[in-house]
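Trainee: I'll drop the sequence and a predicted model, then ask my questions.
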Amino acid sequence: MDEIIDLAARVGRVLQQKGLLLTTAESCTGGGVSQAITEIAGSSEWFDCGFVTYSNASKTELLDVPAAMIAQFGTVSEEVAGAMAEGALANSNAHVTLSTTGIAGPGGAVPGKPVGTVCFGWSREHHTHTERLVFSGDRRAVREQTVVHAMKGLLRMLEQM
C-alpha cells in the first residue's frame, strides 16, 4: 500500500507543477485510484473527480461509451478503456485522465480474457493511449497491481507533456 500512496503523491506533485487537473474512470478498481489520490492532503488542487462506472449502463450514461462498442469488443477491451478515458475527460473539468476496466476475479473470465486481464486508458487533449495486461494473484492483488500500473502510466504520459 505504501507504493500506491507514494505514487499518488508523485502524481500530485507532477500535476501541480504542470497546473493540470486529473479525473479517473474506474471499473475493476472500484475507485481505488481515486481513493489513493484523495489520501494525499491538498489533492483538491489537482484532482477534479472520479467516475466509478462498474456497470455497462453507467459507462454509456456517464462516460458516453457507445453501447455498440461494448457489444462489439466487450467491456474489458482497449477500445472501451480508451472511450472511458475520453468520456471522463469530456465530462469533467480535467486536463488528463486514466481509466481501468478488467476482470479482477475470481470469476468472470471469458475465452481470450482470463482472470487478471485489465485494459487501461490514459488521455489528454487529442491523445489517448491504451494497454492490455494480465496480472496474477487473487482479486485484491489484481486490483492493487491495476492501481499501481494506472498511476505509473499516468506519470509516463505526464513526462511527455
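Mentor: That came in fine, so what should we check first?
Trainee: ok, what's across the strand from the residue nearest the centre of the chain?
Mentor: Central residue of the chain (Cα atoms, centre = their mean): residue 99, 2.3 Å from the mean position. On the basis of DSSP bridges, residue 99 is bridged to residue 25, residue 121.
Trainee: isn't it right next to residue 24, touching?
Mentor: Yes - using Cβ atoms under 8 Å, residue 99 is in contact with residue 24, at 7.2 Å. Quick note: C-beta positions are derived from backbone N, CA and C, even for glycine.
Trainee: which residues do the two both contact?
Mentor: With contacts defined as Cβ atoms under 8 Å, 6 or more residues apart in numbering, the residues shared by residue 99 and residue 24 are 88, 150.
Trainee: picking that back up, got the contact list for the residue nearest to the centre of the chain?
Mentor: If you count contacts by Cβ under 8 Å, 6+ apart, residue 99 has them with 24-27, 81-82, 84-85, 88, 120-123, 150.
Trainee: ok, now which ones touch the residue nearest to residue 108 when sequence neighbours are not counted?
Mentor: The spatial neighbour of residue 108 that comes closest, neighbours along the chain excluded (Cβ to Cβ, 6 or more residues apart in numbering), is residue 115 at 6.6 Å. Neighbouring residues of residue 115 by Cβ under 8 Å, 6+ apart: 103-109, 142.
Trainee: what about residue 115, distance to residue 158?
Mentor: From residue 115 over to residue 158 the distance is 31 Å, taken as Cβ to Cβ, to the nearest Å.
Trainee: likewise residue 42?
Mentor: From residue 42 over to residue 158 the distance is 17 Å, taken as Cβ to Cβ.
Trainee: the more surrounded of these two?
Mentor: Comparing residue 42 with residue 158 by neighbour count (other Cβ atoms under 10 Å), the higher total belongs to residue 158, at 19 against 9.
Trainee: do I have it right that residue 86 meets residue 128?
Mentor: Yes - using Cβ under 8 Å, residue 86 makes contact with residue 128 at a distance of 5.8 Å.
Trainee: spit out the residues that contact these two alike.
Mentor: Shared contacts of residue 86 and residue 128, counting by Cβ under 8 Å, 6+ apart, come down to residue 121.
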